[in-house]
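Participant: build me a model from this:
(2 chains)
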Amino acid sequence: MQRIFIKGIKGGIGSTSVVANLACVLKKSDVDVVAIDLDVKSDLGLHFGLKWTATKGWSNESTFDDALLHFRKDSDGVLFLPHGDNEATLDEIIATINNCKKLDYKESAWIIFDCPSHINISHYPLEENDIVIELVTCDAICHSLIYKRLQTLKSVESSWKHFFVVNRYNAASVLEFDLFSLWQSTLPFMAPFFINSDEVIKEATANRNVALNCAPYSVANDDFETLAGWLVSKAAN
Amino acid sequence: MSFTLFYKRPIHSTLYILLSMLFTDKLVRYILFKFHSYFNQHKVNVIEAFLMPFITLFGSLFVNIKKNKENFELALYNYYPHLRLPYRTYIYSNIIRFVIQSIFLLFAVHKPRKKSVSIKKHAVNYFYDGVSYSLRQLRWYDLKLGRLIRRLFSKNNKPKKSAFKTMADARIWQNKLIKYIVVALILFLLAIFVTIPFSLEAQAVFISFILLVAYALKRVKGHMATIVMITLSVTTSSRYLWWRYTETLNWDDPLALTLGAGLLLAETYAWMVLILGFFQTINPLERKPVMLPKNTDLWPTVDIYIPTYNEPLSVVRPTTLAALSIDWPADKLKVYILDDGKRPEFGEFAKQVGAGYLTRPDNNHAKAGNMNSAMRYTDGDYIAIFDCDHVPARSFLQMTMGQFLKDSKVCLVQTPHHFFSADPFERNLNNHSQIPNENMLFYGLIQDGNDMWDATFFCGSCAVLKREALDEIGGFAFETVTEDAHTALRMQRAGYKTAYINIPQAAGLATDSLSAHIGQRIRWARGMAQIFRLDNPLLGKGLNIPQRLCYLNAMLHFLSGIPRIVFLTAPLALIYFNAYIIYAPFLAIFIYVVPTLIQIKATNSRIQGKYRYSFWGEVYESVLAWYILKPTTVALFNPNKGKFNVTEKGGLNDKEHYDWGISKPYLVLLAINLVGMLVGILRLFFGDPTQVGVLLISMGWALYNIIILGAAVAVAAEARQVRHSHRIKANFPAGVRLANGHTLKVKITDYSDNGVGIETDHAHACRVNDKIELLMSRGNKQFSFTTHVCNTRGNQIGLTIKDLSLEKQRAFIQCTFSRADAWLDWQNNFRHDRPSYSFKEVQKTSLRGFSNLLFHAPRVLQPIIQFMTNLVVYVNSFTPKRPIVHNNYD
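Facilitator: The predicted structure follows:
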């Protein structure tokens, strides 16, 4: 099972949308995909068609076996586990991550974790094969945050695959264009693509669905497919 | 029948009584009803209205009219499609048409010969199978023989080489004596075949055998078959020429002798060009690009020259921006605009984009002088040259520089000149990208053939030269008007090698109008003649024999003026002056001339099929013949006369008009030939019956000339150029972002320097005047361009791009013109040549030429022409037509 941790470098980057869209795109190639919501906002379900009134998730249960009952399947076939409305501690989150390893799936399955932006990724029990994607947007704040993050990555012996991916990219903005060119040529761990800013992601969420189903002809959809393909190649290495 | 009725309608009642004596009551009422209907409703005259019911009744005796009424009408329409509707209005002419068509249907049109067709097809297939089977056998033996020889001769095992190559490279050829013996043997055999006099029957058998083999080889692919065809062509054409020299000159008649000698010289010219052409193109090299070393420190420095004189900045801008975006280390690449027009806006533009700007105090020696002066201020190891409208792709240096690093003796790498706009032939004849254009033969085939013999020459643009070699020969040559070929010749004499990569890396504008096109060719012709006078490639040291022959062929190509005129007027000698220019009986002419021509055409079609279609070469030559006559003859005698006239580029042709000035020569030739045809017809009927055979051949030849000249005339009708910026076809993906934030994946179908055409299934989302953001990528970067929708048509949207900043302009060029795959499909659209189909195309063009003439005729003649056309159309409506046959899958 390939584990992917997706986290925004700061709040509001759009990490949950990326998790949902990525999960659906990966599901298209007929592999098992599981999405786990580790964020107390518990909004992953909204992307998969879950109504906001369904507020219970794994955080409301004391054991993982009880949490299994909260797994749901969306119409595309993606299995997802909502967080629930109980604020979970860091130890509980770590326990959930470890328990997910016990899920019975094939080698080719993907588990995608939607991580909250305020928890440092190095607290998680990460292993060598795990891929961590830190989402950024092209602006000065993220620029500084990336540099800060790179410092900590250097100091800690990072034993996982860490990448930065640009979200909500708008080529018309001169600042974004310049920053992206700069990051491409100077920063390590930068993915060679970006996810375009596209209205369809907002509209899809309004439909409680994902961009793939609402607008398969959009450029953002293409970008998610690029992301999925790139992840497959990274996972194979 | 009441008496009152009789009183009110006397005629009706009289008729009624009369008819009731012969027919039954029902019939009488029917007759009268029909009569009234025809007379009153359809306004037919009395007699016919009265007769029609009788005719119908009579017909009904044989055919069940009611049942077959619809079928009858349909059948009438199918079998007699040319009856003018409504039938009754043109009743008399329709009757004549009906009769003629019926006779035609009875005698001329048979039932579909299904059975015999299949037998014929069967026989043809059988024949083909037989021939290809024997050829396969031959190939198998050849293969076995090759393997045997390879085992015998080569010391080191190189199993990848073909038998042909192994034989060709075997050590036995190093021995000069063996070489001479074999060559002498071949020449001896050839001499026997060529000079042995055949009786007419023997010649007929011989030539039909050759034609059979040629026809059978049509289906066989591969190089060996081409070589066989070439050998056969060489044999037949040499035989033909020998026969002409020895047997067909009439020494008794001085007029026939002079005219005959003229024709013979023209045919000798054609034969020489043919043989040299075979030699040149027998094995095109198709050189592959060489990879550069991974370490970019080893890469040399390159200067890019963009010479310009009076072209507008809008033409030079894309070229400069694309040159700056060529993939090469930035510190090793310098772009210079060499401006002979000394215009300040060019200097400003160069400064803005970071290109160099060089001028010189005078304008001596045009482009060559410009580049020589620039060489004083630049110091790159290599110089790449682009005409100011040739936009290079980003991969230009990657494709070409490897050759220099692999072999230090290489001094020139040339790439093809590709045009993204239509040249005058294509534009005026409206066959852009349906027929290969004129320069495709040279850049697709001939230069590749030259490359095999190491005789590639510089064509003035889209090439890279070695600075060291240029310094050695003293800079660019400026004594002739084609300084490019002369420079290459000098470098080759100095011992350097040249290379040609047959992958287009740049594309530019073709000449705008026919007159500009002809002007350009005149310059090339004059320049080649000057080179031959001033620095003759046949003499002097430094070149080997194949190189000399290739240059000779290039030169001979431009001497085609006089021979072409001779060919266009030769048949008239017999018709007008009764001079037997080919002094031989009609049968001999028929057996010698026609099969040889067919054979040569077949071979040429096979060799050149992808690059030039049959018969179009004659059209191009005819267009140029008159105009390159004078400059080449003058230059041959006095090479220093004549000036360099610059070809204009980028003008706009806003009106459709006919260029009478330039088409005068064709019109004169056409008139002579047409009158000749008429005279010939008269002589056929009223002249000496013994001469009918030769007269027919001459008239056939004159007819062929008329068709070619008609096509040449068609080219002079200048079509209107609708757009100012030329559109280039493309096929790569991009994205758009609409005003509401949605993105769409689109496909770019064409672009120009200020607009883009896209195609998407969601075109309905855009309306005219919407502002759309176009997202195009180059590598990892995505650029966004603000565009406006200017039109939508089905799936396609046209976007205009206005007022881009310089950075955005550069980005746009990088995303479109500069793409490495931008010109790769320059040849892929063309099917291989099919001579008969190509001739039909030429015929159609010729008819178009004639109709153009009539259409654009001066006002005075218009009424006459109108009358004549109407008359012809009317007479044509009487001729029988083939009945319409509906297919079963309708």
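Participant: what's the neighbour count on the residue of the stretch 201-350 of chain B at minimum distance from chain A?
Facilitator: Shortest the stretch 201-350 of chain B-to-chain A distance, computed as Cβ to the nearest Cβ: residue-wise this is B:Ala330, at 13.2 Å. From N, CA and C alone the C-beta is placed, and that goes for glycine too. When neighbours are defined as other Cβ atoms under 10 Å in any protein chain shown, B:Ala330 has 8 of them.
Participant: and if you look at A:Asn213?
Facilitator: Using other Cβ under 10 Å, A:Asn213 has 15 other residues around it.
Participant: do the same with B:Met21
Facilitator: 7.
Participant: repeat for B:Ser777
Facilitator: The number of residues packed near B:Ser777 is 16, by other Cβ under 10 Å.
Participant: now swap in the one 4 residues further on and tell me
Facilitator: Other residues near B:Lys781 number 15, with proximity taken as other Cβ under 10 Å.
Participant: interface residues of chain A facing chain B?
Facilitator: Neighbours of chain B within chain A, by Cβ under 8 Å from any Cβ of the partner chain: A:169-172, A:177, A:180-181, A:184, A:192-194, A:196-200, A:202, A:215, A:217-220, A:222.
Participant: where exactly do the helices run in chain A?
Facilitator: Assigned by DSSP state H, the helices in chain A fall at A:15-28, A:44-47, A:64-67, A:90-100, A:140-155, A:174-186, A:199-206, A:211-214, A:219-236.
Participant: of all residues in chain A, which one is closest to chain B?
Facilitator: For chain A, the residue positioned closest to chain B under Cβ to the nearest Cβ is A:Glu199, at a distance of 3.0 Å.
Participant: grab the nearest non-local neighbour of that residue.
Facilitator: B:Gly741 (3.0 Å; Cβ to Cβ, 6 or more residues apart in numbering or on different chains).
Participant: still on that earlier bit, can I get the helices of chain A in JSON lines with mean pLDDT?
Facilitator: What follows is the helices of chain A, written out as JSON lines (pLDDT from 0 to 100):
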{"stretch": "helix A:15-28", "mean pLDDT": "93"}
{"stretch": "helix A:44-47", "mean pLDDT": "90"}
{"stretch": "helix A:64-67", "mean pLDDT": "88"}
{"stretch": "helix A:90-100", "mean pLDDT": "90"}
{"stretch": "helix A:140-155", "mean pLDDT": "90"}
{"stretch": "helix A:174-186", "mean pLDDT": "92"}
{"stretch": "helix A:199-206", "mean pLDDT": "90"}
{"stretch": "helix A:211-214", "mean pLDDT": "85"}
{"stretch": "helix A:219-236", "mean pLDDT": "92"}
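Participant: right, so of those, which gets closest to B:Pro312?
Facilitator: Across these, the minimum distance to B:Pro312, taken as Cβ to Cβ, is reached by helix A:174-186, at 29.8 Å.
Participant: wait, A:Glu225 sits on A:Val25?
Facilitator: Yes - here A:Glu225 reaches A:Val25: they are 5.6 Å apart, a contact under Cβ atoms under 8 Å.
Participant: list the contacts for residue 235?
Facilitator: Let's take chain A. The neighbours of A:Ala235, taking Cβ atoms under 8 Å, 6 or more residues apart in numbering or on different chains as the test, are A:2, A:129, A:131.
Participant: should've been chain B
Facilitator: Contacts for B:Thr235 were tallied using Cβ under 8 Å, 6+ apart; they are B:190, B:193-194, B:210.
Participant: between the residues you listed, which sits nearest chain A?
Facilitator: Checking the contacts of B:Thr235 against chain A by Cβ to the nearest Cβ gives B:Ile210 as the nearest, at 59.9 Å.
Participant: give me the element that closest one is part of.
Facilitator: Element membership for B:Ile210, per DSSP states H and E: helix B:200-217.
Participant: counting by contacts, list what that helix packs against.
Facilitator: The criterion is 3 or more Cβ pairs under 8 Å, 6 or more residues apart in numbering or on different chains; DSSP states H and E, and the helices and strands that helix B:200-217 contacts are helix B:114-153, helix B:223-247, helix B:586-608.
Participant: Throw the helices of chain A into JSON lines and include distance to B:Arg737, thanks.
Facilitator: Written out in JSON lines, the entries for these read as follows (distance: least, Cβ to Cβ, whole Å):
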{"stretch": "helix A:15-28", "distance to B:Arg737": "18"}
{"stretch": "helix A:44-47", "distance to B:Arg737": "22"}
{"stretch": "helix A:64-67", "distance to B:Arg737": "41"}
{"stretch": "helix A:90-100", "distance to B:Arg737": "38"}
{"stretch": "helix A:140-155", "distance to B:Arg737": "22"}
{"stretch": "helix A:174-186", "distance to B:Arg737": "13"}
{"stretch": "helix A:199-206", "distance to B:Arg737": "9"}
{"stretch": "helix A:211-214", "distance to B:Arg737": "14"}
{"stretch": "helix A:219-236", "distance to B:Arg737": "8"}
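Participant: quick one: closest of those to B:Ser408.
Facilitator: The closest approach between B:Ser408 and any of those, judged by Cβ to Cβ, belongs to helix A:174-186 at 34.7 Å.
Participant: what's that closest one packed up against?
Facilitator: Here helix A:174-186 touches helix A:140-155, strand A:161-169, strand A:190-196, strand B:781-793, going by 3+ Cβ pairs under 8 Å, 6+ apart.
Participant: any chance of these in CSV with distance to B:Ser93 as columns?
Facilitator: CSV is the format used below for those (distance: least, Cβ to Cβ, whole Å):
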stretch, distance to B:Ser93
helix A:140-155, 87
strand A:161-169, 75
strand A:190-196, 71
strand B:781-793, 45
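Participant: which of the ones you listed sits closest to B:Arg84?
Facilitator: Across these, the minimum distance to B:Arg84, taken as Cβ to Cβ, is reached by strand B:781-793, at 38.2 Å.
Participant: counting neighbours, which bits of that closest one end up buried?
Facilitator: Residues of strand B:781-793 classed as buried under the neighbour-count rule (16 or more other Cβ atoms under 10 Å in any protein chain shown) are B:782-785, B:787, B:789, B:792.
Participant: and of the residues you listed, the nearest to B:Ser513?
Facilitator: Using Cβ to Cβ, B:Thr787 comes nearest to B:Ser513 of the buried residues of strand B:781-793, at 31.7 Å.
Participant: by proximity to chain A, which residue of chain B wins?
Facilitator: B:Gly741 (3.0 Å).
Participant: what number of residues lie near that residue?
Facilitator: 15.
Participant: pretty sure B:Lys743 sits against A:Asp198.
Facilitator: Lys isn't right for residue B:743; it's Thr. Yes - when contacts are counted by Cβ under 8 Å, B:Thr743 is listed as touching A:Asp198 (4.7 Å).
Participant: list the residues that are in contact with both of these two.
Facilitator: In terms of Cβ under 8 Å, 6+ apart, B:Thr743 and A:Asp198 are both contacted by the residues A:218-220, B:737.
Participant: and these as a markdown table, adding distance to B:Gly460 and neighbour count?
Facilitator: Shown next, in a markdown table, are the shared contacts of B:Thr743 and A:Asp198 (distance: Cβ to Cβ, whole Å; neighbours: other Cβ atoms under 10 Å in any protein chain shown):
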| residue | distance to B:Gly460 | neighbour count |
| --- | --- | --- |
| A:Ser218 | 47 | 25 |
| A:Val219 | 43 | 24 |
| A:Ala220 | 48 | 27 |
| B:Arg737 | 43 | 23 |
